[in-house]
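Enquirer: have a look; sequence and predicted model below, questions after that.
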Amino acid sequence: MDRRTLLSLFAGLGLCTLPSSALAAARIAIIANRKNPTSHLPVDEIEAIFRALKQHWPGGKRILAFNFPAKHALRVDFDRAALHMEPAEVARYWIDQRVRGGQHPPVVVPDAKTMLQVVSGVDSAIGYVLASEVTQTVKVLAEV
């Protein structure tokens, strides 16, 4: 059982003193441009996109993935939840891709405000923010 599920269970039983906003903050929303025709992404596709293994949306438009800096707390949580990798593993993965002439990593943005601006402004964009930070300018494809 993962940490979020356990915390939710404890909170529901009154065994956890964390406020509900702290539980909501643990959820990560995978977001896309509102014009994107995709309505839902399973975790395996999210992993494939953020490892540059899946590069096109249905219909052929190239996916443009956005990420936070490597040591950003949300990035670390995202890498664990969606990529099933620790930060050092992710770093080695991208070094290996560069050495082999493979794909490039997602574009890095500094903060959630920028992530929301970029994803809402680029038709083929995908990124993530805390679920509590989602605005009407983007579409949620999944939560991890």
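Expert: Yep, it's here.

Enquirer: which SS state does the residue nearest to the spatial centre of the chain fall under?
Expert: With distances taken as Cα atoms, centre = their mean, residue 128 lies nearest the centre of the chain, 3.8 Å away. Three-state call for residue 128 (DSSP: H, G, I helix; E, B strand; the rest coil): strand.

Enquirer: right, and it touches residue 31 too?
Expert: Yes: Residue 128 is within contact range of residue 31, at 6.2 Å (criterion: Cβ atoms under 8 Å). Quick note: C-beta positions are derived from backbone N, CA and C, even for glycine.

Enquirer: mutual contacts of the two, please.
Expert: With contacts defined as Cβ atoms under 8 Å, 6 or more residues apart in numbering, the residues shared by residue 128 and residue 31 are residue 115.

Enquirer: before we move on, back to that, who's in contact with the residue nearest to the centre of the chain?
Expert: With Cβ under 8 Å, 6+ apart, residue 128 has these contacts: 28, 29, 30, 31, 74, 78, 82, 115, 144.

Enquirer: gap between residue 74 and residue 92?
Expert: As judged by Cβ to Cβ, to the nearest Å, residue 74 and residue 92 stand 21 Å apart.

Enquirer: quick check: longest helix of this protein.
Expert: Counting residues, the longest helix found in the chain (DSSP state H) is helix 87-99.

Enquirer: and that one, how far from the chain's centre?
Expert: Centroid separation for helix 87-99 versus its chain: 18 Å, with Cα atoms, centre = their mean, to the nearest Å.

Enquirer: any stretches of the chain with poor pLDDT?
Expert: Scanning the chain for pLDDT under 70 picks out the ranges 1-26.
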